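# Mind looking at a prediction? Sequence and model below.
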Amino acid sequence: NAGVMQNPRHLVRRRGQEARLRCSPMKGHSHVYWYRQLPEEGLKFMVYLQKENIIDESGMPKERFSAEFPKEGPSILRIQQVVRGDSAAYFCASSPSVQGVSNEKLFFGSGTQLSVL
Amino acid sequence: GQQLNQSPQSMFIQEGEDVSMNCTSSSIFNTWLWYKQDPGEGPVLLIALYKAGELTSNGRLTAQFGITRKDSFLNISASIPSDVGIYFCAGQRGGGSNYKLTFGKGTLLTVNP
């Protein structure tokens, strides 16, 4: 499967624990985007990364959330000291180049459903 | 933040019926996109619209980019059971920030065989 791969598919954490969500972009894609979907809501943009660079994190909460896309390996969305309000589906998308330049579409993964007890 | 108003919130139809849903915005988007999301999956792009007034089809799906650039609709003709899912509209503002899609809240479609 050459699509965007996310794992785990489901993640259960207790309040105060850390959650680490992983995303491997499609082959040949160097741009990764994270979106969050709260229950019965549309997806909301969180952060845009290229290899080793955060390009736009304007949608990410200022505290407890961080994201990286290292030179080697998947992109990681990290949530520290999770709270119940962090329970949501987190989707990763990738594209081969910047959307604004090439007008290519974003390809979404199947998401990670985070449940905070 | 930017809001897209999508309606209806849910629809329950009989197989074979046509269905229509729409999105409106208080501000302009350069591109309108329609996605379908199946349970436990990510959204999959159905149709992309790039020009005001554009009418585009993809099989039984037809979508239009409103002339004011503030609205779009999606029609599904002759619905079948596999059309069940949540349909989202999304807008792109352009100017180098096309990755920041603004999504509506979705229309849940149920098709009764």
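Received it, and whenever you're ready, just let me know what you need.
# From the structure, what's the count of residues near the closest residue to residue B:9 other than its chain neighbours?
Distance criterion CB to CB, 6 or more residues apart in numbering or on different chains; nearest residue to residue B:9, sequence neighbours excluded, is residue B:107 at 6.6 Å. All C-beta atoms are positioned from the backbone trio N, CA, C, and that covers glycine. Using other CB atoms under 10 Å in any protein chain shown, residue B:107 has 22 neighbouring residues.
# Residue B:107: what's it in contact with?
Neighbour list for residue B:107: B:6, B:7, B:8, B:9, B:10, B:11, B:21, B:86, B:87, B:88 [criterion: CB atoms under 8 Å, 6 or more residues apart in numbering or on different chains].
# Let me know the closest of those to residue A:11.
residue B:86 (21.8 Å; CB to CB).
# That closest one: how many residues sit nearby?
By other CB under 10 Å, neighbour count at residue B:86 equals 18.
# what's across from it in the sheet?
For residue B:86, the beta-bridge partners under DSSP bridges are residue B:37, residue B:108.
# sorry, back to before: for the residue nearest to residue B:9, report the pLDDT, please.
Model confidence at residue B:107, given as pLDDT, is 96.
# Can you tell me how far it is from residue B:44?
15 Å (CB to CB, to the nearest Å).
# Below-threshold pLDDT in chain B: ranges please.
Residue ranges of chain B with pLDDT under 70: B:1-2.
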